[in-house]
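Peer 1: Here's my sequence, what's the structure:
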Amino acid sequence: MKPGRRTAARQLLLGFGLTSLAGADDTTPPPVPAPPPAPVAAAPNDSPDPIGEGLSQLLRIRRLHIEALTGGEAANQIRDMIISSIQSAGLFAITENAERADAFLRGTAEDLVFNEQFQSSESLGVRSGFSAGRGGISTRNSERAAGNVGLSHDENVRIQERKHEAVAAVRIVNKDGDVLWSTTQESLGAKFRGASADVADKITRQLRTDLEKARKLPLRTASN
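Peer 2: Numbers count the residues shown, from 1 in each chain. Next up, the predicted model:
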C-alpha cells in the first residue's frame, strides 16, 4: 500500500473510532511471546534408606501381637516379660488376637544356667635354725646350744556361684512379612532384676529409642 493510501485509510478508521487499528503499522509484525520455561524434573531417589523406611513404618503401628518365642520354657517366660514391659511403656497396644494386629514381634529367647567357679591357693612357710658350741681340748667341759623354729600356713579358697544368662533376638514384621525392626539383647542380671527381666527391659528401651529416631526422620522418608 502506498503512503498516501495508508494515511487515508487511517483517517477513515479514526472517523469510525477505531483508534487501535489506526495506530497499527502494517509493515511491523506482532511480537512473538517467549515460550514458558520447561519444568525441572525432580531427581529420583537412587539411594533409598531401607532402615529409615522400616523405622518410619513403626510409627503406623497401633496394635502389636507378640508371638510365641522359640527356645523352650524359658522363652515363654521372657515373652511374658516383654509383653509386660512394652505394655507398661505405652509404646503399642498389645493384642493377643493376631487378626487385629498391625505388626508382629517374633524371635527366639533363652535363659541359660551355668556355674561360675573361683579358686585361689596361698602358702606361707618360715624356717629358722640356730646352733652354737664351746669347749677345749684339755678339758672335758663343753657347752652346746641348738634351736630350730618352723612355721607353715596353707590356705585354699574355692567359690562356686550359680548364674543365669538370658539372651533374646527379636524382630517386628508387618503383614507383608517385611522386617521393620530387630534387636539382640543379653544380660547376666541387673542389681534389682533377674537376667530375663533385664533382657525384656533392654528390648523395650531399644525400641523406644528407635521410635524417637523415627519421629526425627524427614517427612519425605516417612511418606514413602
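
Peer 1: by contact count, what packs against the longest helix seen in the chain?
Peer 2: For the chain, the helix with the greatest residue count under DSSP state H is helix 195-215. Judged by 3 or more Cβ pairs under 8 Å, 6 or more residues apart in numbering; DSSP states H and E, helix 195-215 is in contact with helix 50-58, helix 73-89, strand 103-135, strand 142-174, strand 179-187. Just so you know, the C-beta spots here come from the backbone N, C-alpha and C atoms, and that holds for glycine as well.

Peer 1: Give the buried residues for it.
Peer 2: By neighbour count on 16 or more other Cβ atoms under 10 Å, the buried set for helix 195-215 is 195-204, 206-207, 210-211, 214.

Peer 1: between the residues you listed, which is closest to residue 64?
Peer 2: Checking these against residue 64 with Cβ to Cβ, the nearest one is residue 207 at 9.8 Å.

Peer 1: Now do that closest one against residue 112, distance only.
Peer 2: 24 Å (Cβ to Cβ, to the nearest Å).

Peer 1: go on, residue 191?
Peer 2: Computed as Cβ to Cβ, the residue 191 to residue 112 distance reads 20 Å.

Peer 1: higher neighbour count, those two?
Peer 2: For residue 191 and residue 112, the more surrounded residue by other Cβ atoms under 10 Å is residue 112, and the numbers stand at 12 against 5.
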